[in-house]
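1. please find the sequence and the predicted model below.
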Amino acid sequence: MRLSSQRLTMLLLALLLSSVPCRAGEGRSAVSSGDRLVRTIAITFDDGPHQGLTTELLDMLDSLDVRASFFLVGKMVERNPEITREIYARGHTVANHSYEHRNSSALSQQEFLDDLHRCCESIERNIPVRVRFFRPPGGNFTKEVLSLVEKAGLRTVLWDINSRDYTGVSTKKLAERIISKSAPGSILLFHSGVTSTIEALPVIVDALRKKGFEFVTLDEMLSEYTANEPPSVECGSHAL
Ligand SMILES: [Zn+2]
């Protein structure tokens, strides 16, 4: 089939527009991967910080020379502020996983906002960052939640590959699953208080590096969402 030059131009234009990131107010969806054309992968950890296991995890990441991203629970940050500061000091992205770790879709708008805001405050009280990413506990959210998160100046970030490390899966199976499923732009979901995750990391990192992947933080992978768009309202600013 031959395409007329006018039709070809329209197609190219449509392709170009579809690759432009949304601007504030255009109605956003949650992010579950980075650029599929770039061989980068973001390792993310939910929950915590936990005494002991999160520090072990940080030491493992250092030994592998990997920077990752941590979605922290606000009330755990308050219990373990020194580990929160350590996560940041070692170069990882620190993000919001709610204050109480309740189901976001079951809360009223005000309850959700109070909780979101409280988590940002607990993090920003300890480290000099503006929190920019939110992951709803259990991955449960509604359209309303997405909109409230955006108004708070945050971006909802999910994942495309779930390690299922919370199911008691063996270290070997965990590693195999991640290595076989990872793709350019993947965002991997792990949890920060799981021993098998820490044990599987060297195998996963080594195998994926051999496949030409580079590990990046969410700040690096999703920089287009943060660099040019200062939020109109900051999550931790009491302005909600
Ligand atoms: Zn969680």
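-> Received it, and whenever you're ready, just let me know what you need. Numbers count the residues shown, from 1 in each chain.

2. who in this structure is up against the ion?
-> Neighbours of the ion within the chain, by CB under 5 Å from the ion: D46, D47, P137. C-beta: built from backbone N, CA, C; applies to glycine.

3. dump the lengthiest strand in the chain to CSV, keeping only the CA atoms.
-> The longest strand of the chain (DSSP state E) is strand 40-46. Extracted in CSV, the C-alpha atoms of strand 40-46 (Å, rounded to 0.1, in the frame of the first residue of the first chain):
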residue,chain,number,x,y,z
THR,A,40,17.6,1.4,31.7
ILE,A,41,15.8,-0.2,34.6
ALA,A,42,14.6,1.3,37.8
ILE,A,43,14.7,-0.9,40.9
THR,A,44,12.1,0.2,43.5
PHE,A,45,11.4,-0.9,47.1
ASP,A,46,8.2,-0.4,48.9
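
4. quick one: which of the residues of the chain next to the ion has the most company?
-> D46 (24 neighbours; other CB atoms under 10 Å).

5. please name the nearest non-neighbouring residue to that residue.
-> Sequence neighbours aside, F71 is the residue nearest to D46 in space, at 4.8 Å (criterion: CB to CB, 6 or more residues apart in numbering).

6. got any ranges where the protein has weak pLDDT?
-> By pLDDT under 70, the weakly predicted segments of the chain are 1-28, 225-234, 236-240.

7. what ranges do the helices span in this protein?
-> Secondary structure of the chain (DSSP state H): helices located at 5-18, 53-64, 74-79, 81-89, 109-124, 143-151, 171-181, 195-210, 218-221, 223-226.

8. could I get those helices as TSV with distance to L189 and mean neighbour count?
-> TSV is the format used below for those (distance: least, CB to CB, whole Å; neighbours: other CB atoms under 10 Å):
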stretch	distance to L189	mean neighbour count
helix 5-18	26	10
helix 53-64	14	18
helix 74-79	18	20
helix 81-89	17	18
helix 109-124	18	20
helix 143-151	18	18
helix 171-181	10	17
helix 195-210	10	18
helix 218-221	12	22
helix 223-226	19	15
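
9. would you mind giving those as a markdown table with distance to R39 added?
-> As requested, the helices of the chain are arranged in a markdown table below (distance: least, CB to CB, whole Å):
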| stretch | distance to R39 |
| --- | --- |
| helix 5-18 | 22 |
| helix 53-64 | 17 |
| helix 74-79 | 33 |
| helix 81-89 | 25 |
| helix 109-124 | 30 |
| helix 143-151 | 29 |
| helix 171-181 | 14 |
| helix 195-210 | 9 |
| helix 218-221 | 12 |
| helix 223-226 | 16 |
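
10. and those helices: which comes nearest S33?
-> Ranking the helices of the chain by proximity to S33 (CB to CB) places helix 218-221 first, at 8.7 Å.

11. elements contacting the closest one?
-> Where contact means 3 or more CB pairs under 8 Å, 6 or more residues apart in numbering; DSSP states H and E, helix 218-221 is packed against strand 40-46, strand 93-96.

12. which of the ones you listed sits most buried?
-> Highest mean neighbour count of the helices and strands packed on helix 218-221: strand 93-96, a mean of 27 (counted as mean count of other CB atoms under 10 Å).

13. run through the bridge partners of the spatially most central residue of the chain.
-> The residue lying closest to the centre of the chain (CA atoms, centre = their mean) is V157, at 4.9 Å. Beta-bridge pairing for V157 (DSSP bridges): V31.

14. using PDB, write out every CA atom in stretch 52-63.
-> Extracted as PDB, the C-alpha positions of stretch 52-63 are listed here (Å, rounded to 0.1, in the frame of the first residue of the first chain):
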ATOM      1  CA  GLY A  52      18.200  -4.000  60.200                       C
ATOM      2  CA  LEU A  53      16.900  -5.200  56.900                       C
ATOM      3  CA  THR A  54      16.800  -1.800  55.100                       C
ATOM      4  CA  THR A  55      20.400  -1.100  56.200                       C
ATOM      5  CA  GLU A  56      21.500  -4.600  54.900                       C
ATOM      6  CA  LEU A  57      19.700  -3.700  51.700                       C
ATOM      7  CA  LEU A  58      21.600  -0.400  51.400                       C
ATOM      8  CA  ASP A  59      24.900  -2.100  52.000                       C
ATOM      9  CA  MET A  60      24.100  -4.700  49.300                       C
ATOM     10  CA  LEU A  61      23.100  -1.900  46.800                       C
ATOM     11  CA  ASP A  62      26.400  -0.100  47.600                       C
ATOM     12  CA  SER A  63      28.400  -3.200  47.000                       C
END
